[in-house]
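Please work out how this folds:
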Amino acid sequence: MRRFVTICAILVMPACSAFVDEGTSTDEVLNSTGLRVPEASQIVADNFELISPRTRSVDAGSVKLGNGCRTDPNTLKTYGPPWAPSYQEAERNPSQEHIDKALANLEAMTARGFTRQEGIPGDDPASRVYRDSRGFAVYSIRDKTVRGEVEFTLFSSSPCAAE
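Numbers count the residues shown, from 1 in each chain. Model prediction:
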């Protein structure tokens, strides 16, 4: 449950303003950043490849649309467009080497303009968030499952992007 709350907090933090109004419209995204889903999805895939502890290729087609960037004021559920594309992979009971390599790769993203965000919920030092000036984020969450197993999840996400 703690993992779910932590993930929700990380994914929702950039969209907190959506609870005040309906959120970002497609036109607003196009006028401000010009970011479109295909470009955002490719960047999400590329960023995930950089943080993964394994040499791998992520097809931009496997990137999910993620959360919508608008909030229905009646239900408080998110919807899109625009969307916040994201990609994630979880590893059960990973080796310490796997975790150390992923954390080193996350830290290496600072050379690409990402900065580590402070005040991330949870007390596990392997749970980290890095964000760049455009709003792209890469992060890790380490948590215990109800069965006592360790689950280590890597994420890559995008700011709102128009279709």
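
The longest helix anywhere in the chain: which residues count as buried?
Looking across the chain with DSSP state H, the single longest helix is helix 37-51. Buried positions in helix 37-51, judged by neighbour count with 16 or more other C-beta atoms under 10 Å: 37, 39-45, 47-49, 51. Backbone N, C-alpha and C define where each C-beta goes, glycine included.

So which of those is the closest to residue 126?
Nearest to residue 126, judged by C-beta to C-beta, of the buried residues of helix 37-51 is residue 51 at 12.7 Å.

and that closest one, what is it in contact with?
102, 105-106, 109, 138, 140, 154, 156 (C-beta atoms under 8 Å, 6 or more residues apart in numbering).

and what of residue 40?
Residues near residue 40 by C-beta under 8 Å, 6+ apart: 85, 158-159, 161.

I'd like these laid out as a markdown table, including pLDDT.
Listed next are those as a markdown table, based on pLDDT from 0 to 100:
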| residue | pLDDT |
| --- | --- |
| 85 | 96 |
| 158 | 96 |
| 159 | 95 |
| 161 | 94 |
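
Need the residues you listed in a markdown table (columns: neighbour count).
Converted to a markdown table, these look like this (neighbours: other C-beta atoms under 10 Å):
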| residue | neighbour count |
| --- | --- |
| 85 | 28 |
| 158 | 26 |
| 159 | 22 |
| 161 | 29 |
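
farthest-separated two in those?
85 and 159 (9.3 Å).
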